[in-house]
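Q: Dropping the sequence and predicted coords here.
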Amino acid sequence: MFRTLFADGLRFAFGTLTVLPVRVTRWDREAARAGMLCAPLVGPVVGVAAAAAGILLLFLGAGSPLAAVATVAVPAVLTRGLHLDGLADTADGLGSGKPAEDALRIMKQSDIGPFGVLGIVFVLLAQVAALAQAYEGSWARGALAAVVSATAARLALTLAARSGVPAARPEGLGAAVAGAVPVRAAVGVAAAVTVAAAAAGALLGPYDAVRTALAVPVAVAAAELLLRRCVHRFGGVTGDVFGGVAETAATAALVVPVLG
C-alpha cells in the first residue's frame with residue numbers, strides 16, 4: 001500500500017511540476033498529499049540538470065555569468081515557465097491594490113502587468129548574479145547551489161500545501177493540493193531536506209555545510225512571508241501563489257550561500 005501510494009506521489013509530483021513525460025494516474029486528495037510530500041524529490045533532478053548545463057559551458061570555456069544564465073534557464077524550461085508565470089501573476093495581484101476578488105481576476109488574465117515584469121526581472125537577476133558568484137568560487141559550489149536551490153523551491157511547495165492554508169479558489173491545482181499535507185509531515189520533510197543539504201555541503205568543507213544548511217530555512221522563511229501575505233490578501237493560495245513561493249525560495253537559497 002505504501003509503495004503504491006509513494007509511486008502515485010512521485011508521478012503526481014513529476015507530472016505536475018515538470019515537463020518530464022510522467023503520466024499522473026491519480027488526482028484524488030490522497031495522491032495530492034503524497035505528491036506534495038514528494039515534491040522536494042523533484043528538486044535534485046531539476047537541479048542536477050541545471051548544474052550540468054552550467055558546468056558544460058564552464059568546461060567549454062564560457063565564463064561564470066553565461067554558465068549562471070544556463071543554470072537558471074534549465075529549471076524554467078523543465079517547469080514550462082509556470083513558476084515564473086506564477087510569480088508574475090502573484091506580483092500583479094499583490095501590486096494591484098484591489099479587493100481579493102478583483103486581484104484574483106487580474107491574476108487569471110493571460111497578460112503580465114508592470115509588477116509582474118519587475119518581479120521576474122529582479123528574481124532572475126538575483127539568481128544569475130548569485131550563481132555567477134558561486135561558479136567563480138568553483139564549479140562544485142555552483143552546482144551545489146543549483147541543486148539546493150531547486151530542492152528548497154519544491155520544499156516550499158510542500159510547506160505551502162500544509163493543513164490550515166486554504167485555497168483562494170474552488171478550482172485549479174492550488175485548490176487540489178491546498179491543505180493536503182499534515183503539518184507534522186511537512187515539518188519532517190523540511191528537516192530531512194535541511195540535513196541533506198548540510199551533508200551535501202560538507203563534501204566541500206565545514207563552512208559550505210553551514211551555508212547550505214542555513215540556505216534551506218532562510219529560503220523557507222522567505223517563501224513563508226510571501227505565502228502569509230498572499231493568504232491575507234487573497235484569502236488563500238492559488239496555483240500562481242505556489243509558483244511565486246517556489247521562485248522566492250529558489251532565489252533566497254541561492255543568495256544565502258554567497259553572502260559573507
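A: Sure thing, it's come through.
Q: In the host helix or strand of R229, which residues are buried?
A: According to DSSP states H and E, R229 maps onto helix 206-234. Buried residues in helix 206-234, counted by 16 or more other C-beta atoms under 10 Å: 208-209, 211-220, 222-224, 226-227, 230-231, 233-234. Just so you know, the C-beta spots here come from the backbone N, C-alpha and C atoms, and that holds for glycine as well.
Q: Give the buried residues for the host helix or strand of V77.
A: Here V77, judged by DSSP H and E, is contained in helix 64-78. For helix 64-78, the neighbour count (16+ other C-beta under 10 Å) marks 64, 66-72, 74-76, 78 as buried.
Q: Check which helices and strands it is in contact with.
A: Under the contact criterion of 3 or more C-beta pairs under 8 Å, 6 or more residues apart in numbering; DSSP states H and E, helix 64-78 touches helix 29-59, helix 82-95, helix 114-137, helix 139-160.
Q: With mean neighbour count as extra columns, can I get the ones you listed in CSV?
A: Below are the helices and strands packed on helix 64-78 laid out as CSV (neighbours: other C-beta atoms under 10 Å):
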stretch, mean neighbour count
helix 29-59, 21
helix 82-95, 24
helix 114-137, 19
helix 139-160, 27
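Q: quick one: the helix holding R229 to helix 82-95, angle?
A: Interaxial angle, helix 206-234 versus helix 82-95 (axes from the mean of the first three to the mean of the last three C-alpha atoms, to 10 degrees): 50 degrees.
Q: and the angle from helix 206-234 to helix 114-137?
A: For helix 206-234 against helix 114-137, the angle by the same axes, to 10 degrees is 170 degrees.
Q: by contact count, what packs against helix 206-234?
A: For helix 206-234, the packing partners by 3+ C-beta pairs under 8 Å, 6+ apart come out as helix 82-95, helix 100-108, helix 139-160, helix 183-202, helix 239-255.
Q: Would you state the predicted confidence (pLDDT) at F2?
A: Note on F2: pLDDT of 64.
Q: now do G97
A: In the predicted model, G97 carries a pLDDT score of 82.
Q: And it, how close does it get to F59?
A: Using C-beta to C-beta, to the nearest Å, G97 is found at 49 Å from F59.
Q: what's the answer for R154, then?
A: Distance check for R154 against F59: by C-beta to C-beta, it reads 28 Å.
Q: Please apply the same query to A178.
A: A178 is 43 Å from F59, by C-beta to C-beta.
Q: Could you do Y135 as well?
A: Taking C-beta to C-beta as the measure, Y135 falls 12 Å from F59.
Q: Tell me the gap between the lowest-mean-pLDDT helix or strand in the chain and the middle of its chain.
A: Counting by mean pLDDT, DSSP states H and E, the chain has its least confident helix or strand at helix 173-177, which shows a mean of 83. Centroid separation between helix 173-177 and its chain, computed with C-alpha atoms, centre = their mean, to the nearest Å, is 16 Å.
Q: Does that helix pack against any helices or strands, and if so which?
A: Using 3+ C-beta pairs under 8 Å, 6+ apart, helix 173-177 sits against helix 29-59, helix 239-255.
Q: which one of these lies closest to I112?
A: For those, proximity to I112 was assessed by C-beta to C-beta; helix 239-255 is nearest, at 11.4 Å.
Q: For that closest one, which helices and strands make contact with it?
A: Here helix 239-255 touches helix 82-95, helix 114-137, helix 139-160, helix 173-177, helix 206-234, going by 3+ C-beta pairs under 8 Å, 6+ apart.
Q: most remote residue from the chain's center?
A: G61 (29.7 Å; C-alpha atoms, centre = their mean).
Q: quick one: that one from A67, how far?
A: 10 Å.
Q: swap in V117?
A: In this view, V117 and A67 are 25 Å apart by C-beta to C-beta.
Q: cool, P44 as well?
A: 19 Å.
Q: Give me the pLDDT for the nearest residue to T194 once chain neighbours are set aside.
A: Of all residues not flanking T194 in the chain, V216 sits nearest, at 4.5 Å (C-beta to C-beta, 6 or more residues apart in numbering). pLDDT, V216: 97.
Q: Next up, the contacts around V216.
A: V216 is in contact with 148, 151-152, 155, 190, 193-194, 197, 253, counting by C-beta atoms under 8 Å, 6 or more residues apart in numbering.
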